[in-house]
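Colleague: Model the following, please.
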Amino acid sequence: MKKMSKFSLLRFGALLVAFPLVVSGCASLGQNETFFGKDKILHFSVTGVIAAVATCIADKPSAIVIGGAAGLGAGLAKELYDGMPGGSGFSSDDMIANTLGTGAGVLVGYALCHPAPPPQKPELIEFEKTNEILLKSVNYK
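Modeller: Numbers count the residues shown, from 1 in each chain. Take a look at the predicted model:
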């Protein structure tokens with residue numbers, strides 16, 4: 001597990017607060033039984049939260065893989081449980097919602113907890129290289 005900076009911990013805390021609010025808000029929106037009904041929105045939201053948290057916690061090189069595996073694994077486990085005798089049955093539509101939620105969660109988790117370094121200015125890099133070449137050519141130490 002990586003050591004997180006104070007700013008990363010703040011972003012992670014915001015993620016943990018914001019996602020349950022989004023889940024509850026989305027669940028109240030999906031009252032009709034179309035593809036985007038309450039059940040699909042819950043599948044999307046829950047796997048999104050799981051993927052975002054796993055992506056945030058994981059080290060940067062493996063964060064996308066770990067977040068994706070956690071979200072899809074949780075969604076698949078739920079569908080396999082539903083497919084057991086006495087369950088509601090395995091649903092490929094639920095798996096689509098799980099996959100979309102996992103993708104969104106990985107994107108959000110990676111963007112919040114693994115930001116890209118600021119870009120370097122190419123003209124400064126070239127200026128430094130030119131200075132090094134000039135100093136070496138006059139044997140300056």
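Colleague: Where does pLDDT dip in the chain?
Modeller: Within the chain, the stretches with pLDDT under 70 are 1-36, 119-141.
Colleague: Would you map the helices across it?
Modeller: Under the criterion DSSP state H, the chain carries helices at the ranges 6-29, 38-57, 63-82, 92-113, 122-137.
Colleague: my read: G68 touches V106, true?
Modeller: Yes - with contacts counted by C-beta atoms under 8 Å, G68 reaches V106, the gap being 5.5 Å. Quick note: C-beta positions are derived from backbone N, CA and C, even for glycine.
Colleague: more crowded one of these two?
Modeller: Using other C-beta atoms under 10 Å, the more surrounded residue of G68 and V106 is V106, with 26 against 18.
Colleague: and the nearest residue in space to A54 that is not next to it in sequence, what does it touch?
Modeller: Distances taken as C-beta to C-beta, 6 or more residues apart in numbering put A70 closest to A54, at 3.6 Å, once the chain neighbours are dropped. Listed by C-beta atoms under 8 Å, 6 or more residues apart in numbering, the contact partners of A70 are 50-51, 53-54.
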